[in-house]
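> predicted model and sequence follow; I will ask about them next.
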Amino acid sequence: MANDGQVMPLGDVAHIVMGLSPKGDTYNNDGVGEPLLNGPTEFGAIYPSATLYTTDPSRFSEPGDILFCVRGSTTGRMNWADRRYAIGRGIAAVRAKTGSTDTYYVYSCIAHYLDRLLALTSGSVFPSLSTGHFNSFEIPWPANHRRGAIVHILRSLDDKIELNRRMSRTLEKMAAAIFKSWFIDFAPVHAKAEGRDPGLPAEVSDLFPSSFEDSELGPIPKGWACSTVGDEFNLTMGQSPPGDTYNEAREGVPFFQGRRDFGFRFPTNRVYCTAPTRYAARGDTLMSVRAPVGDVNMAIDRCSIGRGVAAARHKSTSIFYTYYAFRSLRERFEVYNGEGTVFGSISQKDLRAIPWLAPDDVVVSRFDQVVGPIDQRVEINEVQNRRLAGLRDSLLPKLMSGDIELLATDGDRNEEVR
């Protein structure tokens with residue numbers, strides 16, 4: 001057993017299983033064989049969702065393993081294995097040799113010291129991590145009772161963060177359903193045209209027409225018009241400042257070159273810029289316009305945007321309408337992910353030309369009023385999660401070093417850890 005305060009190579013305390021891709025002719029989408037993970041495209045907020053299966057798996061993760069991306073620009077992304085998966089060469093599975101509690105401890109260490117691990121990456125085109133990199137990577141390894149107490153504290157914080165995330169996902173689904181009902185399915189108009197109650201307050205129902213008219217986009221609510229994204233939204237295409245103006249020391253304004261730092265709703269402020277050239281305002285919708293096209297976030301702060309990002313806001317200034325409008329365009333953006341010489345991309349001209357419906361601005365404004373309280377709760381959850389994550393990250397090294405006293409449970413007795 002390692003002594004308190006000891007530093008251990010990861011290979012001494014954890015099993016590392018590097019993925020190995022099966023032959024391509026063994027893949028299928030029919031659920032035959034083992035679910036296969038080749039990279040982070042299958043990753044979710046916590047657990048992956050496999051879309052491919054293989055009848056000739058080579059390497060496996062087990063339930064409770066850490067799933068770690070080891071190749072390309074997404075090296076370092078992690079998920080948890082909720083079941084047994086076949087893993088391809090883009091994935092490694094990591095599990096502590098001493099059980100699930102220590103696996104969670106290992107996960108926390110990797111997340112906290114991720115920059116150090118990524119500094120070991122090699123590869124002339126794509127960064128990659130090898131078994132040797134993992135095995136030699138050193139992490140703090142205090143005594144067993146201290147590791148258990150550390151995990152208890154960290155899990156309490158992570159559980160609250162995850163609870164907030166689940167609440168936010170539910171709230172966003174509610175707001176997205178309202179957007180779809182009003183602006184995609186035209187449910188209130190259909191109800192009124194058929195003499196049914198739209199199920200809305202009278203002051204909202206009265207904003208919708210009771211009939212349709214033909215248009216180049218098909219039947220649309222009477223009085224609404226066919227338009228384009230460029231005519232309905234103010235767009236700002238990003239422009240990258242000189243590379244020597246970027247930093248991670250929080251100097252200047254938050255900067256987003258692409259979608260790398262996009263989150264569930266808001267991006268993470270990781271890179272900053274001291275000489276920004278293009279800005280997005282707080283509340284603007286941020287859209288990835290390069291590799292891949294169509295990922296959407298919302299600016300939680302005024303920020304600088306590089307060439308991989310565009311900022312949008314409806315000309316009525318409606319923030320939430322803009323966000324859900326661009327979310328609804330995701331399928332239309334997919335065609336651009338196969339275009340371009342190397343990476344998928346969409347030009348300003350093509351983005352502006354995408355057909356869009358122009359509803360009455362009063363309906364747009366009322367939508368923002370209806371979903372505003374819902375989305376404000378999402379932002380409150382995000383702000384709280386950032387504070388909790390900051391607390392967790394600041395506590396971890398102090399907990400590991402023993403600077404903070406802990407009360408750990410060892411069997412049926414409480415033991416003070418100093």
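On my side now, so go ahead.
> quick one: mean pLDDT for the top helix by length along the chain?
Longest helix in the chain, counting residues (DSSP state H): helix 361-401. Per-region confidence: helix 361-401 scores 92 on mean pLDDT.
> how far out from the middle of the chain is it?
How far helix 361-401 lies from its chain's middle: 14 Å, per Cα atoms, centre = their mean, to the nearest Å.
> likewise for stretch 357-371?
Worked out by Cα atoms, centre = their mean, stretch 357-371 lies 27 Å from the chain centre.
> would you mark the buried spots in that stretch?
Across stretch 357-371, burial judged by 16 or more other Cβ atoms under 10 Å covers 357, 359, 363-368, 370-371. In this view, the C-beta of every residue, glycine as well, is placed from N, C-alpha and C.
> could those residues be laid out in TSV, adding distance to Ser49?
Listed next are the buried residues of stretch 357-371 as TSV, based on distance: Cβ to Cβ, whole Å:
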residue	distance to Ser49
Leu357	32
Pro359	34
Val363	35
Val364	34
Ser365	37
Arg366	36
Phe367	30
Asp368	32
Val370	31
Val371	27
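> picking that back up, would you mind pulling up the elements that the longest helix of the chain packs against?
Secondary-structure packing of helix 361-401 (3 or more Cβ pairs under 8 Å, 6 or more residues apart in numbering; DSSP states H and E): helix 100-112, helix 144-179, helix 319-328.
> of all those, which one is nearest Gly218?
Counting by Cβ to Cβ, Gly218 lies closest to helix 319-328 out of these; the figure is 15.8 Å.
> could you list every helix and strand that the closest one packs against?
On a contact count with 3+ Cβ pairs under 8 Å, 6+ apart, helix 319-328 meets helix 144-179, strand 285-288, strand 296-298, strand 309-314, helix 361-401.
> for whichever helix or strand comes after that helix, output the C-alpha coordinates as CSV.
Next in sequence after helix 319-328, counting helices and strands by DSSP states H and E, comes helix 330-333. Taking Å, rounded to 0.1, in the frame of the first residue of the first chain, the C-alpha atoms of helix 330-333 are listed here in CSV:
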residue,chain,number,x,y,z
ARG,A,330,-28.8,21.6,-37.4
GLU,A,331,-29.9,19.1,-40.0
ARG,A,332,-29.6,21.7,-42.8
PHE,A,333,-26.0,22.3,-41.8
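> give me the distance between the helix or strand following helix 330-333 and the centre of its chain.
Using DSSP H and E, the helix or strand that follows helix 330-333 in sequence is helix 348-353. With Cα atoms, centre = their mean as the basis, helix 348-353 stands 26 Å off its chain's centre.
> I'd like to know the average pLDDT value across the very next helix or strand once past helix 348-353.
Downstream of helix 348-353, the next assigned helix or strand under DSSP H and E is strand 355-358. The pLDDT scores in strand 355-358 average 96.
> neighbouring strands for strand 355-358, and are they parallel or not?
Counting by DSSP bridges, the strands paired with strand 355-358 are strand 225-228 (antiparallel).
> follow-up on the earlier one: hey, which of the helices and strands packed on helix 319-328 is tucked in deepest?
strand 285-288 (a mean of 26; mean count of other Cβ atoms under 10 Å).
> quick check: nearest residue in space to Leu281, chain neighbours excluded?
That one is not Leu; residue 281 is Ala. Arg302 (5.8 Å; Cβ to Cβ, 6 or more residues apart in numbering).
> what's the answer for Gly263, then?
Leaving out its chain neighbours, the residue that sits closest to Gly263 by Cβ to Cβ, 6+ apart is Asn297, at 6.7 Å.
> next: Thr98.
Of all residues not flanking Thr98 in the chain, Val13 sits nearest, at 7.2 Å (Cβ to Cβ, 6+ apart).
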